[in-house]
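# Got a sequence here, can you model it:
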Amino acid sequence: MTKAYIRIKYRQKRAMLSQQDVAELSRKIFENFSKYFELTEGQNIHCFLTAYSKEEVQTELFIEYFRTSNCRIFVPKVVGEKMIAVELLAQTLLVPNKWGIPEPETNTEIKGVEYDLVIVPLMYADRFGNRVGYGKGFYDHFFADINPQAKKVGVNFFPPDEIIDDVWHEDIPLDYLVTPTAVLSFGTGASKFTK
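Numbers count the residues shown, from 1 in each chain. As a prediction, this is how the structure comes out:
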């Protein structure tokens with residue numbers, strides 16, 4: 001399937017989820033993530049903030065887990081045509097952007113961070129770690145600019161049932177996908193079900 005078709009299909013599938021469904025599936029995704037990924041104090045983690053209008057995976061439990069594990073947390077902010085990373089501190093003021101996604105009010109970009117994990121929003125990911133985002137290319141550019149050892153972890157409500165046909169050579173695949181029922185690793189080019 002093409003990315004354009006997958007975007008439409010999975011946008012519709014997400015729109016059919018109730019708020020209760022989204023909250024429960026998000027909790028299961030978090031539980032799988034927290035069982036599989038052991039955190040250590042001082043790790044640098046980049047995590048998106050939930051766009052509730054898009055029925056995204058809710059990341060509040062992730063953020064709290066990172067805080068209680070004494071990790072440094074960075075979140076995305078779109079400035080012009082680029083996505084920058086801003087450190088999320090207790091006093092950071094969040095405001096909705098033009099898409100209704102919460103972002104830090106400040107534009108203070110933190111450069112040169114060696115990330116341990118990047119938690120990635122997406123519409124869909126296939127069993128090879130190829131992902132379909134919202135079509136803006138923000139994360140592909142972000143991945144190209146950060147340390148290549150950072151583990152790219154996608155979170156999604158749906159299993160990787162379809163293959164993405166139009167993968168480009170510039171597309172950077174995920175290292176892991178966490179769903180409500182599994183954690184998949186793409187280190188060898190195909191998924192491994194760990195649950």
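# For residue 142, see how far away residue 46 is.
To residue 142, residue 46 is 8 Å away according to CB to CB, to the nearest Å. Placement of C-beta: from N, CA and C, glycine included.
# any common contacting residues for the two?
76, 85, 118 (CB atoms under 8 Å, 6 or more residues apart in numbering).
# ok, longest helix in the protein?
Ranked by residue count and defined by DSSP state H, the top helix of the chain is helix 19-36.
# So for it, what gets flagged as buried?
Within helix 19-36, the residues that count as buried by 16 or more other CB atoms under 10 Å are 22, 25-26, 29-30, 32-33.
# pull the CA atoms of it into CSV?
Taking Å, rounded to 0.1, in the frame of the first residue of the first chain, the C-alpha atoms of helix 19-36 are listed here in CSV:
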residue,chain,number,x,y,z
GLN,A,19,-11.5,8.4,24.1
GLN,A,20,-11.7,5.4,26.5
ASP,A,21,-10.2,3.1,23.8
VAL,A,22,-7.4,5.6,23.2
ALA,A,23,-6.6,5.9,26.9
GLU,A,24,-6.7,2.1,27.5
LEU,A,25,-4.6,1.2,24.4
SER,A,26,-2.1,4.0,25.3
ARG,A,27,-1.8,2.4,28.8
LYS,A,28,-1.1,-1.0,27.3
ILE,A,29,1.5,0.5,25.0
PHE,A,30,3.2,2.2,27.9
GLU,A,31,3.1,-1.0,30.0
ASN,A,32,4.9,-2.9,27.1
PHE,A,33,7.4,-0.1,26.7
SER,A,34,8.2,0.1,30.4
LYS,A,35,8.7,-3.7,30.7
TYR,A,36,11.0,-3.8,27.6
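# Most neighbours among the shared contacts of residue 46 and residue 142, which one?
In terms of neighbours by other CB atoms under 10 Å, the shared contacts of residue 46 and residue 142 top out with residue 118 at 25 neighbours.
# Now do the strands in the chain.
Under the criterion DSSP state E, the chain contains strands at 44-47, 72-79, 82-87, 94-96, 102-104, 117-120, 124-125, 131-132, 151-155, 176-178, 183-185, 192-193.
# Adding distance to residue 64 and mean pLDDT, write these out as CSV.
Below are these laid out as CSV (distance: least, CB to CB, whole Å; pLDDT from 0 to 100):
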stretch, distance to residue 64, mean pLDDT
strand 44-47, 11, 98
strand 72-79, 10, 96
strand 82-87, 16, 94
strand 94-96, 15, 92
strand 102-104, 15, 94
strand 117-120, 13, 97
strand 124-125, 24, 96
strand 131-132, 25, 94
strand 151-155, 15, 97
strand 176-178, 17, 97
strand 183-185, 20, 94
strand 192-193, 27, 40
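# Same list (those) but as TSV, adding distance to residue 38.
What follows is those, written out as TSV (distance: least, CB to CB, whole Å):
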stretch	distance to residue 38
strand 44-47	13
strand 72-79	17
strand 82-87	22
strand 94-96	28
strand 102-104	28
strand 117-120	11
strand 124-125	23
strand 131-132	24
strand 151-155	12
strand 176-178	13
strand 183-185	13
strand 192-193	18
